[in-house]
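**Student:** got a predicted model here, sequence first, then my questions.
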Amino acid sequence: MISNQMDASQTASADELSALREEVARLHELVGPSEKSYEDLKRDAFGARDAARKAELETGRLRAQIVELENEVRRWQRDFVWFRDRVIRKIPVIGRVFSRFSRK
């Protein structure tokens with residue numbers, strides 16, 4: 001009876017060992033042949049994450065710059081209208097020339 005238990009436990013151990021070896025082989029196919037490959041993948045993933053964060057920060061900075069430039073354009077347009085209405089149209093000769101160009 002003890003012999004049967006030893007044979008059964010050895011068979012179970014051999015089956016477990018075989019299953020573990022198959023799992024290691026499967027993981028090696030996914031990750032690579034060594035832990036170094038896994039570390040390289042992990043480092044690449046962290047590098048990609050950092051690059052994505054930097055890109056998001058740069059995108060935010062550029063969006064802020066766009067808003068600033070749009071505000072500046074609106075200011076220039078407002079100043080141009082003020083200048084046109086208050087100064088250019090008050091001068092008869094320049095006003096006629098200016099109105100011809102502004103119609104086109």
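**Tutor:** Right, received. Where do you want to start?

**Student:** which SSE is immediately downstream of the host helix or strand of residue 13?
**Tutor:** Assigned by DSSP states H and E, residue 13 falls within helix 2-31. For helix 2-31, the succeeding helix or strand toward the C-terminus, using DSSP H and E, is helix 35-86.

**Student:** quick one, that following helix and helix 2-31 angle?
**Tutor:** Inter-element angle recorded for helix 35-86 and helix 2-31: 30 degrees (by axes from the mean of the first three to the mean of the last three C-alpha atoms, to 10 degrees).

**Student:** helix 35-86 packs against which elements?
**Tutor:** Secondary-structure packing of helix 35-86 (3 or more C-beta pairs under 8 Å, 6 or more residues apart in numbering; DSSP states H and E): helix 2-31. Using the backbone N, CA and C atoms, a C-beta is placed for each residue, glycine as well.

**Student:** run the chain-centre distance for the helix it packs on.
**Tutor:** 44 Å (C-alpha atoms, centre = their mean, to the nearest Å).

**Student:** packing partners for that helix?
**Tutor:** Against helix 2-31 (3+ C-beta pairs under 8 Å, 6+ apart) you get helix 35-86.

**Student:** now the helix it packs on: mean pLDDT?
**Tutor:** Mean per-residue pLDDT for helix 35-86: 92.

**Student:** about what we covered before: what comes up buried for the helix holding residue 13?
**Tutor:** Judged by neighbour count (16 or more other C-beta atoms under 10 Å), helix 2-31 contains no buried residues.

**Student:** ok, how many other residues are close to residue 84?
**Tutor:** Neighbourhood size, residue 84 [other C-beta atoms under 10 Å]: 14.

**Student:** for residue 78, see how far away it is.
**Tutor:** Separation of residue 84 from residue 78 (C-beta to C-beta, to the nearest Å) stands at 11 Å.

**Student:** residue 10 now?
**Tutor:** On the measure of C-beta to C-beta, residue 10 and residue 78 end up 90 Å apart.
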